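> For reference, the sequence and a predicted model appear below.
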Amino acid sequence: MRASPPIDIELSRSSAWLAFVLTVVLGVTAVMACWLALVLPRSAPTATAAIGLAALTLGLIGSALGLTRRIGGRLRWTGQCWELEDGAAGRDRRRPGDVAVMIDLGNWLLLRFTSSAGEGRTARWLPVERRGHEPGEWHALRCALHSSRPAPDSS
């Protein structure tokens with residue numbers, strides 16, 4: 001069985017991912033505000049509830065910013081293994097690892113890249129959308145993601 005040919009795809013910000021994360025943050029904040037309004041007894045200070053909700057909201061926004069930070073870099077399939085080149089903050093380095101497709105909506109993918117290099121097995125979420133990529137490039141990426149991997153050399 002042949003392996004998929006090598007590909008090299010640039011990673012960029014996904015507007016669908018950003019919209020999803022912001023919707024979840026707003027939804028959780030609204031649910032917590034309603035919960036606080038219904039659960040807190042009438043005698044509880046309103047300022048305490050407001051401070052609690054503000055702290056929760058800031059925590060959620062911080063988490064959302066971490067999930068939506070500028071992706072940058074490149075994802076490569078060498079024909080044998082996956083590599084993620086992280087171009088953030090001038091740290092041009094390639095990390096080998098494995099990619100798993102977590103969500104495939106046709107024009108949008110959520111991938112989980114698990115690094116097998118030095119700093120342990122760290123996972124990184126990669127939202128990738130078809131917009132901005134050539135049709136052949138997108139097709140090659142999907143083929144490489146869904147094809148079987150070559151067996152590791154036993155020598």
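Thanks, I have the structure now.

> what about the longest helix anywhere in the chain, average pLDDT?
Across the chain, the longest stretch assigned as helix under DSSP state H is helix 15-39. Regarding helix 15-39, the rounded mean pLDDT is 78.

> Ala33 - how many residues pack around it?
15 (other C-beta atoms under 10 Å). C-beta: built from backbone N, CA, C; applies to glycine.

> Ala50 is in contact with that one, correct?
No. Using C-beta atoms under 8 Å, Ala33 is not in contact with Ala50; the gap is 9.7 Å.

> residues shared between the contacts of the two?
Counting by C-beta atoms under 8 Å, 6 or more residues apart in numbering, Ala33 and Ala50 have no contacts in common.

> on that earlier part again, give me the buried positions along the longest helix of the chain.
Trp17, Phe20, Val21, Val25, Thr29, Leu36 (16 or more other C-beta atoms under 10 Å).

> Nearest to Ser147 among those residues?
Trp17 (24.5 Å; C-beta to C-beta).

> Hmm, the closest one is touching Leu110, no?
Yes. Using C-beta under 8 Å, Trp17 is in contact with Leu110, at 7.5 Å.

> joint contacts of these two?
Contacts common to Trp17 and Leu110, judged by C-beta under 8 Å, 6+ apart, are Pro127.

> Name the helix or strand for the residue nearest the centre of the chain, please.
In the chain, the centroid-proximal residue (C-alpha atoms, centre = their mean) is Trp125; its distance is 2.7 Å. Here Trp125, judged by DSSP states H and E, is contained in strand 123-129.

> Just give the strands next to that strand in its sheet, each with its orientation.
If you go by DSSP bridges, strand 123-129 pairs up with strand 108-115 (antiparallel).
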